[in-house]
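Colleague: Attaching a predicted model along with its sequence, questions to come.
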Amino acid sequence: MSEQTIPEEVQSAERPSPATLSQKKEYTIAPVSEFPPNTHRVVKVGRREIGVFNVDGSFYALPNLCTHQLGPLCTGKVSGTVISSRETQWKLQWGLDNEIVTCPWHGVEYHIKSGTCLAFPEIRLRTYEVWVEDEQVKVRL
């Protein structure tokens, strides 16, 4: 499968407004060389723990907290998931490779790019802005 369609309920969250950005702090996490493609790690930023993910060269960050029972979400495994859609006539197929993090406590899956819970699409984790500047990974909280 060359191109994957993300279900409508799992599309990316909107970017914050400029007014909201001015109230948030910027933090330098680590050199970009410490995040090879398709790796992640949990870092402490201020009083928060967040997971920073390099998904095929693009960076994303989520809180290290599962909404199910407050488990350490970002210490879980990153992979894909089984999906089906109208385009495949509802046949199961593997998709969203390297875009799903699974909570190690109870297996709840979240889409890294949007923070959406796959089992309950109405539940969406906060996502944090992440970018690379001067070979450093930075995040805004």
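Modeller: Now that the structure is in, tell me what you want to look at.
Colleague: Now do the helices in the protein.
Modeller: Ranges of helices in the chain, per DSSP state H, are 18-22.
Colleague: Now for it, the helix or strand with the poorest mean pLDDT.
Modeller: helix 18-22 (a mean of 57; mean pLDDT, DSSP states H and E).
Colleague: Report pLDDT for the closest residue to Gln136 other than its chain neighbours.
Modeller: Residue nearest to Gln136 in three dimensions, not counting chain neighbours: Thr28, with 5.1 Å by CB to CB, 6 or more residues apart in numbering. From N, CA and C alone the C-beta is placed, and that goes for glycine too. Per-residue pLDDT puts Thr28 at 97.
Colleague: Share the number of residues neighbouring Thr28, please.
Modeller: Look at Thr28: counted by other CB atoms under 10 Å, it has 12 neighbours.
Colleague: One more: Asp56?
Modeller: Residues lying near Asp56 (other CB under 10 Å) number 9.
Colleague: Ramachandran coordinates for it?
Modeller: Dihedral pair for Asp56: phi 50, psi 40, per degrees, to the nearest 10.
Colleague: thought it was touching Thr39?
Modeller: No - when contacts are counted by CB atoms under 8 Å, Asp56 is not listed as touching Thr39 (11.0 Å).
Colleague: Output the longest strand belonging to the protein.
Modeller: When the chain is scanned for its longest strand (criterion: DSSP state E), the result is strand 93-102.
Colleague: Next one, pLDDT for the residue nearest the centre of the chain please.
Modeller: Centroid-nearest residue in the chain: Ile112, 2.1 Å away (criterion: CA atoms, centre = their mean). With respect to pLDDT, Ile112 scores 98.
Colleague: can you tell me how far it sits from Glu87?
Modeller: Distance of Ile112 to Glu87, computed by CB to CB, to the nearest Å: 23 Å.
Colleague: where does the chain dip in pLDDT?
Modeller: 1-22 (pLDDT under 70).
Colleague: What sits closest to Phe35 if chain neighbours are left out?
Modeller: Nearest to Phe35 is Asn54, by CB to CB, 6+ apart, at 4.3 Å.
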